[in-house]
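Q: Could you look at this predicted model? Sequence included:
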Amino acid sequence: MSDTTQPTRKGQEFEQTLDASDKTVASFEHESRGFVDRLQHALHSNPTLVPVIVLIGAVAVFGLIAGGKFFSAFNLSLIIQQVSIIGILAAAQSLIVLTAGIDLSVAAIMVLMAVIAGNLSVYMGVPPVLGLLASFVGGTAAGLMNGLLVTRVKLPPFITTLGTWSIFYALNLWLSGAQSIRSQDIDANASILKFFGNNIALGGARITYGSILMVAVFAVLWYMLNKTAWGRHVYAIGDDKDSAELAGIRTDRTLLSVYALSGFVCAIAAWASIGRVGSISPQAFYEGNLQSITAVVIGGISLFGGRGSIMGALFGALIVGVFQSGLRLAGVDVLWQVFAIGWLIIFAVAIDQWIRKVSA
C-alpha cells in the first residue's frame, strides 16, 4: 500500500510546484506587459482616443509656445474656419475609407460642383437655388460614377478615382474656361452662394456658418454610421466584404450608396467653399484630396477599412489646423510646417499598424 501511495503524493506535490511556477511566470508577464497591453486594447476598442490625445497634447504644447495669442478666441475660431472645407471633404473621404477604399477625386468633385453652381447662377441667369440643386445632383452623380466603376467594372478604388480626378479636373477647366468667377459678380447675381461665409460674433471669436455646417455634417454621418443598419453594413464591408456577402448584405448596393453619398457631401463642401473663399476658381483646393486623406489617417480611421469613427476625421482636421496655426505663431517657416505634418502622418499610420496587431 505504501509503495502505491507514495509516488502519487510526490506527483501531486510536483504538479502543485509546476502550477505555482506557472502562476508566478504568468503574473510576472502580466505585470511587465500589462500597461502596454491595456493601452493597445483600449486604442483598438476606441481608435478615436489617439487623435483626441494628440489634439489635446498639441493644444497644450502650442499654447505654451505661443502663449495668449494661440488661446485667443479669434485664433481658435480661425483654426476651425480654416479646416472647415477640408473637414467636410474628410467626412466624404471617411465614408470611402471605411469600406477599405480610397477616393482621390473628392476635391475635384467639389470644385466642379462649385463651378457648375456658379456658371448657372451668375452667367446663365438660372435661379441660384436651382443652380445649387444642380450641383447637388451633379455631385451625387459623380460619386455614383465612381461607385459603378468600382462595383460593376470591378476596378480598384485607387485607380478608379485617380482616373476620375483627371476627368473632373478637365471638366472644371472646360466649363470655366480656366477663369475664376469674381466675388463682386457673385454678390450681384447670386449672393446666396456665399451664405456659409457669413459669421456670428461671440466675443472675440468669429464663427462662420461654414464651421457650423462642418460640425452638422459630421454629426449626421456619425448617426447614420452608428445608429442604422446601413452604417453597420458599411463597417462590415470594410472589415471583410466576402464575409459580409455571406451574411446576406448586398455589398454592391451598399457601396453604390456610399459613393453617391460621398459625392453629395462633396457638393455640400462646394457650397461652403464659395463662402469661405469668396470666389470660384477652377484651380482652388488643388491639394484637397491629399489633405482629406491626411485628416482621415491622423483621425485614426484605418486605411484597411472597417475600423474607426468618422468623428476621428474631424479631430484629424483640427490637429492639422492646430499644428499649422501653432507653428505659424511660433515663427516656423511654411516649409517646416509641411515637414512636421508629414511626420505626423507617418506617426499616425505607425500607430494604426500597432493597434491592428492587438492580441486577442
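A: That came in fine, so what should we check first?

Q: For Val54, which non-adjacent residue is closest in space?
A: Ile319 (5.7 Å; C-beta to C-beta, 6 or more residues apart in numbering). For the C-beta atoms, the positions are set from N, CA and C on the backbone; glycine is no exception.

Q: ok, now Gly316?
A: Leaving aside its sequence neighbours, Gly316 sits nearest to Gly299 (C-beta to C-beta, 6+ apart; 3.0 Å).

Q: Check Phe195 too.
A: Once flanking residues are discounted, Phe195 sits nearest to Gly275: 5.9 Å by C-beta to C-beta, 6+ apart.

Q: List the contacts of the one you found.
A: Shown in contact with Gly275 (C-beta atoms under 8 Å, 6 or more residues apart in numbering): 193-198, 208-210.

Q: outside of stretch 257-264, which residues touch it?
A: 92-93, 95-96, 98-99, 103, 106, 109, 136, 139-144, 146-147, 150, 230, 234.

Q: so where's the stretch 1-150 of the chain uncertain?
A: Low-confidence regions of the stretch 1-150 of the chain, defined by pLDDT under 70, span residues 1-33, 39-40, 42-45.

Q: Downstream of the helix or strand harbouring the residue nearest to Val54, the next helix or strand is which one?
A: Secondary structure assignment for Ile319, by DSSP states H and E: helix 310-329. Remark: after helix 310-329, the chain's next helix or strand is helix 334-356, criterion DSSP H and E.

Q: How far does that next one sit from its chain's centre?
A: 15 Å (C-alpha atoms, centre = their mean, to the nearest Å).

Q: From the contact counts, what lies against it?
A: Contacts defined by 3 or more C-beta pairs under 8 Å, 6 or more residues apart in numbering; DSSP states H and E place helix 334-356 against helix 2-45, helix 49-66, helix 288-298, helix 310-329.

Q: do that again at 7 Å, thanks
A: Counting contacts by 3 or more C-beta pairs under 7 Å, 6 or more residues apart in numbering; DSSP states H and E, helix 334-356 packs against helix 2-45, helix 288-298, helix 310-329.

Q: Just the buried residues of the second one, please?
A: Applying a neighbour-count criterion of 16 or more other C-beta atoms under 10 Å, the buried positions in helix 288-298 are 288-289, 291-298.

Q: between that helix and helix 334-356, how many degrees?
A: Orientation check (axes from the mean of the first three to the mean of the last three C-alpha atoms, to 10 degrees): helix 288-298 against helix 334-356 gives 40 degrees.

Q: Which secondary structure state is assigned to Thr99?
A: coil (DSSP: H, G, I helix; E, B strand; the rest coil).

Q: what residues are up against it?
A: Taking C-beta atoms under 7 Å, 6 or more residues apart in numbering as the criterion, Thr99 is in contact with 234, 237-238, 255, 258, 305.

Q: if I've got this straight, Arg206 is in a helix?
A: No. Membership of Arg206 in a helix is not supported by three-state DSSP, which gives strand.

Q: Tell me how far it lies from Ala284.
A: With distances taken as C-beta to C-beta, to the nearest Å, Arg206 is found 22 Å from Ala284.

Q: Give the residue from these two that has the larger number of neighbours.
A: Each of Arg206 and Ala284 has its neighbours counted (other C-beta atoms under 10 Å); Ala284 has more, 20 against 16.

Q: what's the closest non-adjacent residue to the more buried one?
A: Using C-beta to C-beta, 6+ apart, the nearest residue to Ala284 is Val111, at 5.8 Å.

Q: Tell me how many other residues surround that neighbour.
A: Using other C-beta under 10 Å, Val111 has 27 neighbouring residues.

Q: if I read this right, it contacts Tyr286, doesn't it?
A: No. Using C-beta atoms under 7 Å, Val111 is not in contact with Tyr286; the gap is 8.6 Å.

Q: which residues are contacting the helix or strand hosting Trp230?
A: Using DSSP H and E, Trp230 sits within helix 229-239. Residues outside helix 229-239 that contact it (C-beta under 7 Å, 6+ apart): 98-100, 224-225, 244, 247, 249, 251, 254-255, 258, 305-306.

Q: And those, which two are furthest apart?
A: Met224 and Ala247 (19.7 Å; C-beta to C-beta).

Q: who has more neighbours, those two?
A: Comparing Met224 with Ala247 by other C-beta under 10 Å, the one with more neighbours is Met224, at 15 against 11.

Q: got any ranges where the stretch 251-360 of the chain has weak pLDDT?
A: Per-residue confidence for the stretch 251-360 of the chain (pLDDT under 70) gives these ranges: 356, 358-360.

Q: related to what we said a few turns ago, give me the phi and psi angles of the residue nearest to Ala284.
A: Main-chain dihedrals, Val111, degrees, to the nearest 10: phi -70, psi -40.

Q: And for Ile280?
A: Torsion angles at Ile280 (phi, psi; degrees, to the nearest 10) stand at phi -130, psi 110.

Q: and it, how many residues sit next to it?
A: 28.

Q: my guess is it contacts Gly118, does it?
A: Yes. Applying C-beta under 7 Å, one finds Ile280 in contact with Gly118, separated by 4.1 Å.

Q: shared neighbours of these two, which are they?
A: In contact with both Ile280 and Gly118: Ile181, using C-beta under 7 Å, 6+ apart.

Q: In this structure Ala66 contacts Leu327, no?
A: No. Look at Ala66 against Leu327 with C-beta under 7 Å: they stay out of range, at 9.2 Å.
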